[in-house]
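>>> For reference, the sequence and a predicted model appear below.
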Amino acid sequence: MFLKLTVVFIVLLQSYVNVTLASDPDPVTDFCIPQTDAATTLLRCKNSSLATVDDFVFSGIKNSGKFSETGLSSIPVNVNVFPGLNTLGMSMVRADFEIGGVNVPHFHPRANEIAVVLEGKIYSGFIDTENRIYAKVIEKGDVMVFPRGLVHFQMNVGSTKATILGSFDSQNPGLLRIPSGIFGSGIKEELLEKAFGLNAKELAKLRKRFGPH
Ligand SMILES: *[C@@H]1O[C@H](CO)[C@@H](O)[C@H](O)[C@H]1NC(C)=O
């Protein structure tokens, strides 16, 4: 009995530990503004006495950005554009949708995402590894979470523009869009035709649409 309980406890502890480790590493300094060392070209932390408040402020999401063919503007606020995030284990994205605009199915390999609707009505969801869908229309003030690595998608189903603000538990969540990842990356044609049951003409159309331009 005791042994059984111990085993159960260890299994529970392991799953807990796995969960808590599934994010960026803990920092060992207050912050670390990355800077390329001129002499060695290695990336290192800027001398902290030279840091200023402006290293910790990003002003690039006051407005929406340029809209894509699918009616989406998304502006990532990750460590690549906001170096002050380095070592802090978090980042954001602002996404704006035209009426009917779509955020194509995609996933972030390195982060959970939690998103709040600032404006509008958005059909929003994800699928799990058993191909089950979790989707509904969310609106201003609603918050939805997308578990790390799961494919998710959104579409503005309202009659006005829509805006969401997403947050990630990684400074660099990564983004893989399914359509361009599959059809735009140069995977061998024969493989894609077999995988998706497409003929050469159908595949060529998808390649043209999602391929690198
Ligand atoms: C950081 O800058 C301060 C002030 O310029 C200097 O005194 C200090 O030695 C520097 N620290 C390092 C590690 O270079």
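Arrived safely, thanks for sending. Numbering: from 1, shown residues only.
>>> for the protein, what helix or strand is lowest in average pLDDT?
Lowest mean confidence among the helices and strands of the chain (mean pLDDT, DSSP states H and E): helix 2-21, at a mean of 49.
>>> In three-state terms, label residue 96 for me.
strand (DSSP: H, G, I helix; E, B strand; the rest coil).
>>> quick one: it and residue 63, what's the gap?
Residue 96 is 9 Å from residue 63, where distance means CB to CB, to the nearest Å. No exception for glycine: its C-beta is placed from N, CA and C like everyone else's.
>>> do residue 133 as well
33 Å.
>>> Run through the residues that contact residue 31.
Neighbouring residues of residue 31 by CB atoms under 8 Å, 6 or more residues apart in numbering: 48, 51, 55-56, 84, 86-88.
>>> Bridged to residue 102, which residues?
Under the criterion DSSP bridges, residue 102 forms beta bridges with residue 155.
>>> contacting residues for it?
By CB under 8 Å, 6+ apart, the contact set of residue 102 is 70-72, 153-156.
>>> Which one (most neighbours) among the contacts of residue 31?
residue 86 (22 neighbours; other CB atoms under 10 Å).
>>> For that one, what are phi and psi?
For residue 86, the backbone dihedrals (degrees, to the nearest 10) come out as phi -50, psi 130.
>>> so it makes contact with residue 32?
Yes: Residue 86 lies in contact with residue 32 (CB atoms under 8 Å); the separation is 5.1 Å.
>>> which neighbours do the two share?
Each of residue 45 lies in contact with both residue 86 and residue 32 under the rule CB under 8 Å, 6+ apart.
>>> ok so, going back, which of the contacts of residue 102 are buried? Put it as a ChimeraX command.
Entered in ChimeraX, the line below selects the buried ones among the contacts of residue 102, by 16 or more other CB atoms under 10 Å:
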select :71,72,153,154,155,156
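>>> Need the max-distance pair from the contacts of residue 102.
71 and 153 (13.2 Å; CB to CB).
>>> Correct me if wrong: residue 163 contacts residue 98.
No: taking CB under 8 Å as the definition, residue 163 is not a contact partner of residue 98, at 11.0 Å.
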